[in-house]
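Novice: give me a 3D structure for the following:
(chains A and B)
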Number of protein chains: 2
Amino acid sequence: MAKEQARGSRNQDITLDPWGTVEVKDYDRLLKVFGIKPFSDVMPLLKKAGMEPSLHMKRGIIFGHRDFDKVLEAKAKGEPVAVLTGFMPSGKFHFGHKMTVDQLIYLQRHGFKIFVVIADAEASIVRKIPRKEAIRIGVEEYIASMIALGLDPKKTDFYFQTSRGTSYYRLIQLFAGKITTAEMEAIYGDISPAKVIAALTQAADILHVQLEEYGGYKWVVVPVGADQDPHLRLTRDIADRVSDIINLTRPASTYHRLQRGLDGGKMSSSRPEYTIFLTDEPRIARMKLMKALTGGRATAEEQRRLGGIPEACTVYDMDKYHLMQDDELSRIYNSCRSGSLLCGECKLLAWSKLEKFLDDYKRRLEKARDIAWSIVDVPKF
Amino acid sequence: MAKEQARGSRNQDITLDPWGTVEVKDYDRLLKVFGIKPFSDVMPLLKKAGMEPSLHMKRGIIFGHRDFDKVLEAKAKGEPVAVLTGFMPSGKFHFGHKMTVDQLIYLQRHGFKIFVVIADAEASIVRKIPRKEAIRIGVEEYIASMIALGLDPKKTDFYFQTSRGTSYYRLIQLFAGKITTAEMEAIYGDISPAKVIAALTQAADILHVQLEEYGGYKWVVVPVGADQDPHLRLTRDIADRVSDIINLTRPASTYHRLQRGLDGGKMSSSRPEYTIFLTDEPRIARMKLMKALTGGRATAEEQRRLGGIPEACTVYDMDKYHLMQDDELSRIYNSCRSGSLLCGECKLLAWSKLEKFLDDYKRRLEKARDIAWSIVDVPKF
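Specialist: You can find the predicted model right below:
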C-alpha cells in the first residue's frame, strides 16, 4: 500500500489526461535515453497509409516507435508490410495478451501480413516447460485465443519456433558469430547455452520473414512493451552486422504501456489473483474485478469532495485498454474526477461489459481450438 | 632441440615396438583417466564383424575407443552402421587429414555408411573465415581430396553445417537446454554465443544421423584424435539427457594418435613448413621431408654404433601412417635400430614413395574437384 500511496502523491506533479497513466514520466525517460521516438510523430503518416489510428494509439497506450514511419511510408507506396509478434506458451491467456492481439487485428484489417511465433523453444529450454505442455498451451491457449478474438487464421502465419524451415534455423547459426558475450550479459544478466539459443532464435523470428521463402517482407514492425526494447536493439544491430552475407532491413517496433495487474503490480499468469484470464469463470472474474485496486479516496465523503484518480485505477485500465468506447471512457473519467462516480458503481459498469465479453468469448474459443490444431504445424519433437 | 632430446631419453624406459611412438605413456594415461578403452580389446570383434584390422589398427595408431564394441556387435548382426567425421574448411588438406580419410575408406569398404560434415558454420562464426572462402575450401580442398583419395562419393553423404534440414537444426535448439555454462567453459575455456553454437552444431552433427530422415543410423562411430574426447563426452551426455524427448544412442568413438609435424610439433595448415600438403609441388614436399626431424644420432659414427630411434622420427611417422607396407616398415625399423640405415638414405626411401603418391594424387584431384561441386548442396548463405 505504501507504494501505491507514493504513486498517488507523485501523481500531483504531472499533467493528467484521460489517456494518461501515472507512469508517464518513466516512459518519457525511455524516449529520451534510448532513442525511441514518440508515437505522436507518426500520426500524420497513418492517414497517408490509409489507416485511422487504433484505440490504443488514440489513447496513448502505444506511446513510442522505432522506424515505424518507414513502414508506414512503404505501405503508403503500396509495398507489402508485416507484423511479427511472439508469445511464450506458458500459463493462460490474459488481458495483457489480448492488448497485443488487438493490435494485430487492427494491423491485419489494414493490410499487414501477420506472423505469430509461439516461443516454445524458449519455453522449453529456458523455462523448462515440458514439450507436450508447451505445444498444447501454444495451440489451445494462445493460437486459439487469437482466433477467437478475431485474428483471421487464413491470413496469419502462426508457427512454433521448433518447426520452422532450414533457412530460419540457418539465421540462428549465422547470427551467433555476430553478437558478443558482453552484449548477451547486458541483456540477460548472465549467459548460458539456453539463453544464447533463446536470444538468437528470437532475432531469427523477427528477421526471417524478410527471406524470400517466408514472403520477403522487408518492412516489419514488432509491437512490444518498453521492457522488450533491449531485444529489439540487439536484433537491429544484428541486421546491420550480417550485411556482408545477407541483406536484412532493421525491424521497426512500436512500444505500448503494459497493462498493470489488479493490484497495480505486474499482470502475469503467475499472479492469477491480480490477472483476469479470458477463460475465467464469470464468478471468478467478477470477484477479481471487485477487489481491484482503484484510484478512490479513503472515504466516500472524501471522494465526493476531491474526486477519484482514474490514472491510478486498475479498473480504469480495464476500461481504457479493453472495455469502453471513447465516449463511455470520457464519461467515466470525468465523473470519477468530479467525485460523482464512486468506485463500487464504476466497477459494476466495467463488470457489465466484461461479463458480456467473457460470455461471447467462451463460445468463440471452443470453435477456435479446433481451427487452431488444424492450421498449425505441430512440432515433431 | 632440448625438447626432442628429452623425448629421446624418456624413450629408454618404455617398451619399444615397430608400431609404437614415444607418446605411448601419455595415451596410456588417457585410457586410465577418461575411461577410453584400449583398442586391442575389440580386435577379436572385428573378425566377427567380417573385418580385417586396418593398417592404422594394426600399427597402434588407433589406440582406443568408446563403445566401438557395440557398433561391431551390431554390424555382426547385420544392423546398419555409420561413421561421422568433420573437417574445418580452413587451410589446405594435409597428411594429418589423410589419415582420417584412410579410416573412412577402410570403413566404407566394410559396409559403413559415411557421413562427412564440412564445419563451415564453425569456420565462419568462430574463426571468422569469409563464407565464400569457407565453401570453396570445403568443396575444393576437403571434399575433392577425399574423393581423390578413394572415398566413393556415391556412398558418402558430404554436407555443410549451414545447409542441412529442419530436424538437424532443431537438435541444436533442443540441445541448448541440456548443457550448462560450466560444461561449456570446461571444454572451451570460456563461453561466447559463437562457441555455444559451434559446440551444439557439432553435437547435432554427430547425433542427427540417428533421425529417420537421415537414415536412422543408431550405431555411429566417430574417429577422432584423443584431444577431441571432451566433445565426444559432452555429446554422449547430451544423448542421455534428451531421452525424455527423443531417443538417441550414445555415439561410439575411436581414438588415433595424431601424426606430428616434421619438426615433432603439431601438424597444421598454420605451420606449412612442417606440414606436407597433398597438393605440395614435388620440389617443396621433398625439401620439407629432407629437413624433417629424425631419430638419428649426433654423428654417423654414433648412429652406426647405437642405432637410430624410429619412434622419435617424423619421417618414420610418414612411413608408418602413410607410405610403407608392413614388410617395408619392419625392414626400415630394424635397420634403423641396428644402425645400418642412416637418415639420409631413409629419407630417400620415403621420398620415392611420396613422390609417386603426390604425382598420382594430382591427377586424381582435378577430376575429383568437378565431382565435388556436383554432389554437394552448396549453402545459400
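Novice: which parts of the stretch 251-381 of chain A sit against chain B?
Specialist: Within reach of chain B by CB under 8 Å from any CB of the partner chain, the stretch 251-381 of chain A has these residues: A:379-381. (Glycine included, C-beta is placed from N, CA and C.)
Novice: tally of neighbours for the residue of the stretch 251-381 of chain A found nearest chain B?
Specialist: Here the stretch 251-381 of chain A gets closest to chain B at one residue, A:F381, 4.9 Å apart by CB to the nearest CB. A count of neighbours around A:F381, defined by other CB atoms under 10 Å in any protein chain shown, yields 14.
Novice: who are the contact partners of it?
Specialist: Counting by CB atoms under 8 Å, 6 or more residues apart in numbering or on different chains, A:F381 touches A:131, A:162, B:167, B:170, B:174, B:245-246.
Novice: which ChimeraX command selects the buried ones in those residues?
Specialist: Restricted to buried positions by 16 or more other CB atoms under 10 Å in any protein chain shown, the ChimeraX selection for the contacts of A:F381 reads:
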select /A:131,162 /B:167,170,174,246
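Novice: of the contacts of A:F381, closest to A:Q103?
Specialist: Closest approach between those and A:Q103, by CB to CB: A:T162, at 25.4 Å.
Novice: name the SS class of the nearest residue to that closest one once chain neighbours are set aside, please.
Specialist: The spatial neighbour of A:T162 that comes closest, neighbours along the chain excluded (CB to CB, 6 or more residues apart in numbering or on different chains), is A:P379 at 4.1 Å. Three-state assignment for A:P379 (DSSP: H, G, I helix; E, B strand; the rest coil): coil.
Novice: which ones are touching A:P379?
Specialist: Residues in contact with A:P379 (CB under 8 Å, 6+ apart) are A:120, A:131, A:135, A:160, A:162-163, B:170.
Novice: could you work out the most separated pair of the residues you listed?
Specialist: A:I135 and B:R170, at 13.4 Å, using CB to CB across the contacts of A:P379.
Novice: give me the domain ranges for chain A.
Specialist: A:24-258, A:272-362 (automatic domain parsing).
Novice: how many other residues sit next to A:F34?
Specialist: Neighbours of A:F34 (other CB under 10 Å): 15.
Novice: please tell me how far it sits from A:A226.
Specialist: A:F34 is 9 Å from A:A226, where distance means CB to CB, to the nearest Å.
Novice: shared neighbours of those two, anything?
Specialist: In contact with both A:F34 and A:A226: no residue, using CB under 8 Å, 6+ apart.
Novice: who does the nearest residue to A:Y142 once chain neighbours are set aside bridge with?
Specialist: The spatial neighbour of A:Y142 that comes closest, neighbours along the chain excluded (CB to CB, 6+ apart), is A:F87 at 4.7 Å. Under DSSP bridges, the beta-bridge partners of A:F87 are A:I118.
Novice: same question, A:K266
Specialist: Beta-bridge partners of A:K266, as defined by DSSP bridges: A:R260.
Novice: that one touches A:R260, doesn't it?
Specialist: Yes: counting by CB atoms under 8 Å, A:R260 is a contact partner of A:K266 at 7.3 Å.
Novice: before we move on, the earlier item: need the residues of the stretch 251-381 of chain A next to chain B in JSON lines (columns: distance to B:H65 and pLDDT).
Specialist: Formatted as JSON lines, those follow (distance: CB to CB, whole Å; pLDDT from 0 to 100):
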{"residue": "A:P379", "distance to B:H65": "36", "pLDDT": "93"}
{"residue": "A:K380", "distance to B:H65": "32", "pLDDT": "89"}
{"residue": "A:F381", "distance to B:H65": "30", "pLDDT": "91"}
